[in-house]
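Student: when you get a sec, could you give me coordinates for this:
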Amino acid sequence: MYKVIAIDDPTATNGTRWEKDCESLQEAVDVYEGFTDWGFAEKTKLVAIMDSNGDRLVVKQFARPLSYS
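Tutor: Next up is the predicted model:
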């Protein structure tokens with residue numbers, strides 16, 4: 001069993017957390033690869049695949065681009 005988690009603004013106290021349980025590693029990779037940007041996060045989104053022991057197998061982080069004035 002694997003789990004994919006996505007956390008918007010992981011250092012914020014009000015960060016949004018999303019989780020999906022996956023039966024196989026291939027399913028987890030497919031879900032993980034579906035995240036391609038920061039979505040609704042104010043600053044950053046962290047996406048990870050975790051195994052049944054809670055160990056992170058792979059992590060990616062998206063950062064919202066800085067706005068230029």
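Student: and the one helix or strand residue 47 maps to, how far out from the chain's middle?
Tutor: Counting by DSSP states H and E, the element that carries residue 47 is strand 44-50. Strand 44-50 sits 2 Å away from the centroid of its parent chain (C-alpha atoms, centre = their mean, to the nearest Å).
Student: average pLDDT for it, rounded please.
Tutor: Taken as a whole, strand 44-50 has a mean pLDDT of 94.
Student: can you give me the neighbour number for residue 35?
Tutor: A total of 16 residues lie near residue 35 under the criterion other C-beta atoms under 10 Å. (Glycine included, C-beta is placed from N, CA and C.)
Student: how about it, secondary structure?
Tutor: coil (DSSP: H, G, I helix; E, B strand; the rest coil).
Student: tell me the pLDDT at it?
Tutor: On the pLDDT scale, residue 35 gets 93.
Student: excluding its backbone neighbours, what's nearest it?
Tutor: With sequence-adjacent residues excluded and distances taken as C-beta to C-beta, 6 or more residues apart in numbering, residue 35 is closest to residue 47, at 4.5 Å.
Student: and for residue 41?
Tutor: residue 8 (3.8 Å).
Student: got it, and residue 22?
Tutor: Here the residue nearest residue 22, using C-beta to C-beta, 6+ apart, is residue 28, at 4.0 Å.
Student: which residues touch that neighbour?
Tutor: The neighbourhood of residue 28, defined by C-beta atoms under 8 Å, 6 or more residues apart in numbering, consists of 2-4, 22, 49.
Student: let me know the closest of these to residue 65.
Tutor: Ranked by distance to residue 65 (C-beta to C-beta), the contacts of residue 28 are led by residue 4 at 24.3 Å.
Student: on the strand side of things, show who that closest one bridges to.
Tutor: residue 20, residue 49 (DSSP bridges).
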